[in-house]
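Asker: coords below, sequence missing:
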């Protein structure tokens, strides 16, 4: 089964040699499930021919906001609607979670409650799962057809399903402790309050449920294909 990875950003330069770009992180996350991957740098204007170019689709995180006036966001939203209409399974993570909601009629905003960073406890489909967060933007109004299946104390709409076609989550199951450490030191200062960065550093060695989410994603892809 071929998964098309729609890259809406690039990992910081500091981690590229060590961890790879986002398509490498997701390929590592989903390793062992029998998938092949094609990556498209939609953030740079590189788009697939359409929904049939892959058997399933995954939209990555990004440093950008879904509501920003960027030339690639409207075409991405149109592709999301085409994938949804076609019925191929679609997964979104962080920015992907947000832009899918926006494309289908929801609202994404910069949350006035601040940031969520580092290991955070979520309740997803009735199970408490620690996962790495790195976001301020949130889905604040759900689109029609979206059902909330996950939340945290900070983020009410942290995981959504749209029937059997779309599964999206706000946290980052592809992020390791190393990735969060690099973000804390290279993207956090000046953007995220120092107290939150310090707290996230202190929680770096806590276990996360990345494999559990990977299993859920893989099951979703295979069931929806």
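Answerer: Here it is on my side, so go on. A quick note: this is a predicted structure, and the numbers were derived from the prediction, not measured.

Asker: when you work out contacts or count neighbours from here on, use the C-alpha atoms and nothing else.
Answerer: Noted.

Asker: mind showing which ranges of this structure have poor pLDDT?
Answerer: 225 (pLDDT under 70).

Asker: mind listing the strands for this structure?
Answerer: 2-6, 36-40, 56-59, 90-93, 107-110, 116-124, 127-135, 137-141, 147-151, 159-162, 166-169 (DSSP state E).

Asker: format the ones you listed as CSV; extra columns: mean neighbour count and distance to residue 183.
Answerer: Shown next, in CSV, are the strands of the chain (neighbours: other C-alpha atoms under 10 Å; distance: least, C-alpha to C-alpha, whole Å):
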stretch, mean neighbour count, distance to residue 183
strand 2-6, 22, 21
strand 36-40, 16, 23
strand 56-59, 26, 20
strand 90-93, 26, 17
strand 107-110, 18, 19
strand 116-124, 22, 10
strand 127-135, 21, 9
strand 137-141, 22, 17
strand 147-151, 19, 23
strand 159-162, 22, 23
strand 166-169, 26, 19
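
Asker: with distance to residue 224 added, can I get these in TSV?
Answerer: Below are these laid out as TSV (distance: least, C-alpha to C-alpha, whole Å):
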stretch	distance to residue 224
strand 2-6	12
strand 36-40	16
strand 56-59	8
strand 90-93	9
strand 107-110	26
strand 116-124	20
strand 127-135	22
strand 137-141	24
strand 147-151	17
strand 159-162	12
strand 166-169	9
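
Asker: could you check how far the closest residue to residue 55 other than its chain neighbours is from residue 218?
Answerer: The shortest distance from residue 55 to any non-neighbouring residue, by C-alpha to C-alpha, 6 or more residues apart in numbering, is to residue 2 (5.3 Å). Relative to residue 218, residue 2 is positioned 12 Å away (C-alpha to C-alpha, to the nearest Å).
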